[in-house]
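Student: Sequence first, then the predicted structure, then my questions.
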Amino acid sequence: MQNLLSFIEQWIGGLSGVLISLSGILLCVLAVGAFWDKRGQLRELFIFFCCGLILTFNKTSIECVTTIFDIREATAYWLLLPSIGAIGGSIFLRWLVRRSRQDSTGKTHKSSIFTDETYGRSVRGTTIGAPLVIFICVMGVFITGLATPQVMIGDEVTHYYMLVKQAEDLSKPNFFAEIPIATGEVEVRRYPHSFLWHYIGAVIFYLTGGSFVAIQLYQTFFLVQFLTVAYLLARDRYGVESRSALAYVLVLASLPLTLIFSVTFYQDVPMTAQILTAFYLLRKGRWFWASLFLSLAIGFKVTAALFYPPFFLLLFFWQLKERGRVRSIAVTICALFIVLGVTWKIGRAIVTYGESVFYPQYQLERVIKKTKEFFESKAPVVSKKSGISEVNTDLSARPQQKTQIKESKPPIIANHPGDLRIKINYLVYGGLVLWITVAAGVLSKLISFIGLQSNYYKKSSFWLYLVGGTYTIMAAWYIRTAPDARFFLPGVPFLILPLLEKAVRLPKTKIFISGLAVLACLQGGYVLQKAYKLRALTSGMKEGIAFLEKHPPSGHIFMYPEGNYRFFPAQHEWYLGYRLRDFWRADNTARINLLNKYDISTVVVKKHLIAVVDEKITNLGVYPSRFVNDIKSDHRFSNVFENQELMIFELTGIGLK
C-alpha cells in the first residue's frame, strides 16, 4: 500500500493527471452522445456525466475530498478513482444487459424520458452542438480574461495603453502608448500601424468610464464573430448533413492561436474574423458588404492586404459567371475604389499623425507614380542640345577620398515566442487537434484519389485553397526572417475546412468527432490555463517584487521583459544592445563586464523560462540552463532570494542597497 501511495504522490499532476482528465472528458462526451441517441436512462446518463466531470477536474475534486475528510491527497486518489470506476462500470454493465435483453426479445427499450411515439429527432446534432461549442469557448475565454484583469503578455501591453491614450482625444488617431512603471516613470512606445481596433476600443473605453471589463468583452466579441461565421461558412457547404460544421468549429475553437489571442489584446483574431466574414459575404454575392469588411480588416492589421489579390480575383470571376463581363468589371472597380480608398486614407493618417510609412499605402502610391511615368514616357519629348561639359574627366587628377572603416553594429534581434524556426512551436501554437485533422483529411483525400471513396458532397474547394494558400505563401515570404505563428492564423480557416470535409467521410464519423471533441476540450482547457498563468501576477512574482522594494537594486535588473516587468521597482535590461547571444555564449567574466556596461546590478531569473537552447540560440525568450548553472556556482553572483518562481542574484560589489 505504501509503495502504491508513493507512486501516486510522485506521478499525479504529470502525465497521469492528463490521462485522468482525458478519461473524464471522454466519459462526458460519451454521456452526451448516448443521451442524444437515446441509448440510456436519464438518471444513468446524469451519473455517468457527473463521474466524467469529477475525473476532468480531478485536482479540484481531490482538494474537496481532502478538506472534507481530512485525509492525505494520495489516499483521496486511492478512494475516489476506484469508486468512480465501480460506478461507471456498473452503469455500463446495465447497458450491456439491457441490450442483450433487447436482442433476445426483439423489443426496443427506449429511455424513460422519451415517449413511444418519438422515433427520431427533427433537428441534427450539429445545429445544437456547434452553437454549444461556440458558447463554451467564448465563456471560457471571457472568464479567463476577467480572472486576469491586467495586460501582461507581449505587445498587448502596448495595444492596451495605446487604446487608453486614444480615449483621451478622439478627434485624431493616436500612435503612442504611455505605460506606467513601478519606478514612477512612464515608458512611451510608438506603434505607427493600423489603428482602427484601438480607436473603436477607445470609444468603448471612453463611454464605459475606463472599464477594463468592457475592453475584454470587446475583444471577445470578435471571437464570437469568427466562430459564428466559420460555422455559417461550413453549414452552407453541407456541413450540417456531413457533420463537418461541428468538427470545423471544434478545431477552430480549440486552436491555441485562437484562444491565446482572444484572451489577450492582439489584433490577429479580430482581423481574421473580418477576413472570414468578407469572403463569406463575397461567396454569397454581397460584394459591397464584403468590401467593407475587407476594409475594416486592413484597419485592424496590415497583413490583411495580402488578401487583396485573391479577393478581387474571386470577385471578378464570380461576378462574371453571374452578371456578365460589363457588370463584373464595374463591380470590381467599385470594390477597388472602396478598399483602396480606405487603405490610402489609413496610410495618410499614419503618415500625418504617426510620422511613419504605411506599407500598403506606400505601394499604392508607388504603383500610381509608375503608371503616371509610363504614360508620360509615351508622350513626345522635345530634346535640347547640351553643350560640352567642362567637368574634369581625368580621374587621376581628382583627389582621392579616404575610405572610412565603420564598426559594424550588431544585428537587431528580438524574441518571438511563436517563432516557427523552433519546431516545437508548430505543436504549441497549432495544437494536437489541428494536426490530427490535417492527417485525417490528407488520408481521406488519398483514399478518394485511388477511387475507394465517392464524392458525396460536391462543393468546390478550389477557392478555399486559393485564398488560404495565397495568403500563407505570401506571409511566409514577407516574414521569413522571423516567422511568427500568429501571422499565419488568417489562412488556417480556409485551408482546414476542405480537409475536414474530407476527414468526416472516413468510416465511423461519430467516433472521429467524439474523439475530436475529447481532445478539443482537453487542449482548450490547457491553453486557457496557460493563458491565465501568463497573464496573472502570481503570488511568487509578488514576493520577488516585494523583496526588491525592500532592497532596491543599485542599478538596473537583467530580466526577461514579460508584461510584469512594469511592476518591478527598477529599470530592466534584456537584449544588451542586441548582444544577448554573445552574452549567453561568453564566460562569467565577460558576462559581468557586459552587465557593468549597462549598469546592471541584479539578475532576476524566472524559473519557468529556464530551458536548454540550440547551438544558434534561436529562442531569445529563455534563460539557457547553462547560464543559470554558471551563475549558481560563481561566488561573484550571490543568490539573495529564491522561491518557487524566481531566483534573484546580486553582483558582488554592486548588489542591493
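Tutor: Alright, I've got the coordinates. The structure displayed is predicted, hence computed values, not measured ones.

Student: any idea of the mean pLDDT in stretch 628-646?
Tutor: Stretch 628-646 carries an average pLDDT of 93.

Student: gap between the two ends of that stretch?
Tutor: Taking C-alpha to C-alpha, to the nearest Å, stretch 628-646 runs 12 Å from one end to the other.

Student: neighbouring contacts of that stretch?
Tutor: If you take C-beta atoms under 8 Å, 6 or more residues apart in numbering as the criterion, stretch 628-646 is touched by 538, 540-541, 543-544, 547, 551, 587-588, 592, 603-608, 610, 647-652, 655-656. For the C-beta atoms, the positions are set from N, CA and C on the backbone; glycine is no exception.

Student: For the most centrally placed residue in the chain, which non-adjacent residue is closest in space?
Tutor: The residue lying closest to the centre of the chain (C-alpha atoms, centre = their mean) is L257, at 2.2 Å. Using C-beta to C-beta, 6 or more residues apart in numbering and skipping the chain neighbours, the partner closest in space to L257 is L489 (4.7 Å).

Student: what does L651 give?
Tutor: Leaving out its chain neighbours, the residue that sits closest to L651 by C-beta to C-beta, 6+ apart is S601, at 5.6 Å.

Student: I'd guessed the one you found sits against G555; true?
Tutor: Yes. The criterion here is C-beta atoms under 8 Å, and S601 meets it with G555 at 3.6 Å.

Student: In strands only, show me the contacts of stretch 628-646.
Tutor: 603-606, 610, 647-651 (DSSP state E).

Student: quick one: contacts for H159?
Tutor: 151, 177, 191, 197-198, 265-267.

Student: 10 Å instead, please
Tutor: Counting by C-beta atoms under 10 Å, 6 or more residues apart in numbering, H159 touches 151, 177, 189, 191, 197-198, 201, 215, 219, 264-267.

Student: Could you dump those residues into CSV with secondary structure, pLDDT and distance to R124 added?
Tutor: Shown next, in CSV, are these (DSSP: H, G, I helix; E, B strand; the rest coil; pLDDT from 0 to 100; distance: C-beta to C-beta, whole Å):
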residue, secondary structure, pLDDT, distance to R124
V151, coil, 91, 41
A177, strand, 93, 48
R189, strand, 90, 50
Y191, coil, 89, 46
W197, helix, 96, 36
H198, helix, 96, 41
G201, helix, 96, 38
I215, helix, 96, 37
Q219, helix, 97, 32
T264, coil, 95, 35
F265, coil, 95, 37
Y266, coil, 95, 35
Q267, coil, 95, 35
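
Student: Near K597, how many residues? Count them for me, please.
Tutor: K597 has 11 neighbours, counted by other C-beta atoms under 10 Å.

Student: What segments of this protein are strands?
Tutor: According to DSSP E, the chain carries its strands in the segments 176-180, 186-190, 556-558, 572-573, 600-606, 610-611, 623-624, 637-642, 646-651.

Student: Okay, buried residues for stretch 173-185 please.
Tutor: 173-177, 179, 181 (16 or more other C-beta atoms under 10 Å).

Student: dump the residue contacts of I87.
Tutor: Contacts of I87 (C-beta under 10 Å, 6+ apart): 47-48, 50-51, 54.

Student: Point out the least confident member of the residues you listed, please.
Tutor: Lowest pLDDT among the contacts of I87: F48, 73.

Student: how near is it to S254?
Tutor: Distance from F48 to S254, counting by C-beta to C-beta, to the nearest Å: 23 Å.

Student: quick one: which of the two has more around it?
Tutor: Applying other C-beta under 10 Å to F48 and S254 shows that S254 carries more neighbours, namely 26 against 22.

Student: Now do the contacts for that one.
Tutor: S254 neighbours (C-beta under 10 Å, 6+ apart): 133, 137, 431-434, 516-517, 519-527.

Student: hang on, the earlier thing: F583: which of the ones in strands among the contacts of stretch 628-646 is nearest?
Tutor: Lowest distance from F583 to the ones in strands among the contacts of stretch 628-646 (C-beta to C-beta) belongs to V603, with 11.1 Å.

Student: ok so, going back, please pick the buried ones from the ones in strands among the contacts of stretch 628-646.
Tutor: Judged by 16+ other C-beta under 10 Å, buried ones among the ones in strands among the contacts of stretch 628-646: 603-606, 647-651.

Student: Quick one, grab the pLDDT at Q404.
Tutor: We have a pLDDT of 46 for Q404.

Student: quick thing: my sequence starts at 26, can you match it?
Tutor: Okay, residue one is now 26; in that scheme the one you just asked about reads as Q429.

Student: and the closest residue to S579 other than its chain neighbours, how many residues sit next to it?
Tutor: Using C-beta to C-beta, 6+ apart and skipping residues adjacent in sequence, the residue nearest S579 is S626, 4.7 Å away. Neighbour count for S626, taken as other C-beta under 10 Å: 22.

Student: For the chain, give me the ranges with low pLDDT.
Tutor: 26-43, 59-65, 120-148, 386-387, 389-390, 392-393, 395-441, 476-483, 678-682 (pLDDT under 70).

Student: Quick check: T677 touching I617?
Tutor: Yes. Applying C-beta atoms under 10 Å as the test, T677 and I617 come out as touching, 9.4 Å apart.

Student: higher neighbour count, the two?
Tutor: Neighbour count, other C-beta under 10 Å: between T677 and I617, I617 has more, with 20 against 12.

Student: so what's R511 closest to, chain neighbours aside?
Tutor: D293 (4.8 Å).

Student: That neighbour touches L282, doesn't it?
Tutor: Yes. Between D293 and L282 there is a contact at 7.3 Å, judged by C-beta under 10 Å.

Student: what sits in contact with each of the two?
Tutor: 510-514.

Student: Show me which of these are buried.
Tutor: 510-514.

Student: Turn the residues you listed into JSON lines, columns for distance to A322.
Tutor: As requested, those are exported to JSON lines (distance: C-beta to C-beta, whole Å):
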{"residue": "A510", "distance to A322": "19"}
{"residue": "R511", "distance to A322": "15"}
{"residue": "F512", "distance to A322": "14"}
{"residue": "F513", "distance to A322": "16"}
{"residue": "L514", "distance to A322": "13"}
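
Student: out of the residues you listed, who's nearest S108?
Tutor: Using C-beta to C-beta, A510 comes nearest to S108 of the buried ones among the shared contacts of D293 and L282, at 42.6 Å.

Student: That closest one and V453 touch, don't they?
Tutor: Yes. Contact criterion C-beta under 10 Å: A510 and V453 qualify, at 8.0 Å.

Student: Surely R616 and D607 touch.
Tutor: Yes. Applying C-beta under 10 Å as the test, R616 and D607 come out as touching, 9.5 Å apart.

Student: in the stretch 276-425 of the chain, which spans are helices?
Tutor: For the stretch 276-425 of the chain, helices defined by DSSP state H, counting those that start in this stretch occupy the ranges 281-288, 293-308, 312-325, 333-348, 350-378, 384-403.

Student: Which among the ones you listed is found nearest to R530?
Tutor: Using C-beta to C-beta, the nearest of the helices of the stretch 276-425 of the chain to R530 is helix 293-308, at 22.0 Å.
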